[in-house]
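Asker: dropping the sequence and predicted coords here.
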Amino acid sequence: MAEASDLDEKTKGWRGSREVWLAAAREAFLDSGIDAVKIQPLANRLGLSRTSFYWFFEDRDAVLQALLDDWDQTNTRRLLDSCDAFAETIAEAALNVIAVFLPGGGFEPRLDLAVRGWAHQSDSVAAIVNATDDRRLSAMRAMFARFGYPPGEADVRARTMYLVQIGYISMQVQEDLALRLTRIPDYVKTFTAQAPTQSELDRFRSRIGLA
């Protein structure tokens, strides 16, 4: 008699898995927007039966919530972690945050853009996006406060830094990475009123794989 785990694996093989269904939903979402995330089209995309979906998600709303959870873990969690990361100066702290938004930094611009587009169609998602922006800004304000900036200045500097990064995403700026890197020291000075040292820039370049 087969073990239960063996049967589970065989069953998953026929029906896919939660991860497979979520990956398909994510791909459809990024390619075509939230209206493309529907059960039958996802089943067609995967070559699975529609009923297989219900082994892993209760309904469409459940997979939509999973997409929001994925966005939170992929983008917001990485940004919050970067704000808390060790830094000897505010310039280095700003470089930690900037690194997250660069290729390979873990933050996925297309996912953020897609969720913000979804927010235009849903008041409940718009409320989640607004609350998430508040969480992100709060973490950045705390980063500036950690280095002695008074509350009002910490707020404005955090907003300036965050809104520049989100502006890159919302405007879908196509900028050569080498060009963007040449601007980063001046961005840091603008955000923090401190220029990064050469050693800080060297560590930053190493962190993003450009040592």
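Answerer: Here it is on my side, so go on.
Asker: so which bits of stretch 154-171 are buried?
Answerer: 154, 155, 157, 158, 161, 162, 165, 166, 169 (16 or more other Cβ atoms under 10 Å). Where C-beta positions appear, they are placed from N, C-alpha and C, glycine not excepted.
Asker: show residues contacting the helix or strand containing the fifth one.
Answerer: When secondary structure is defined by DSSP states H and E, residue 161 falls within helix 151-170. Here helix 151-170 makes contact (Cβ atoms under 8 Å, 6 or more residues apart in numbering) with 94, 97-98, 101, 109, 112-113, 116, 133, 136-137, 140-145, 149, 173, 175, 187, 190-192.
Asker: domains in this protein, by residue range?
Answerer: 1-57, 71-207 (automatic domain parsing).
Asker: mean pLDDT lowest for which of those?
Answerer: Per-stretch mean pLDDT for these is lowest at domain 1-57 (a mean of 82).
Asker: possible to save the buried residues of stretch 154-171 as JSON lines with distance to residue 204?
Answerer: Shown next, in JSON lines, are these (distance: Cβ to Cβ, whole Å):
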{"residue": "154", "distance to residue 204": "22"}
{"residue": "155", "distance to residue 204": "25"}
{"residue": "157", "distance to residue 204": "19"}
{"residue": "158", "distance to residue 204": "19"}
{"residue": "161", "distance to residue 204": "15"}
{"residue": "162", "distance to residue 204": "19"}
{"residue": "165", "distance to residue 204": "15"}
{"residue": "166", "distance to residue 204": "21"}
{"residue": "169", "distance to residue 204": "20"}
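Asker: for stretch 41-57, which positions count as buried?
Answerer: In stretch 41-57, residues buried by neighbour count (16+ other Cβ under 10 Å) are 41, 42, 43, 46, 48, 52, 53, 56, 57.
Asker: many thanks, have a good one.
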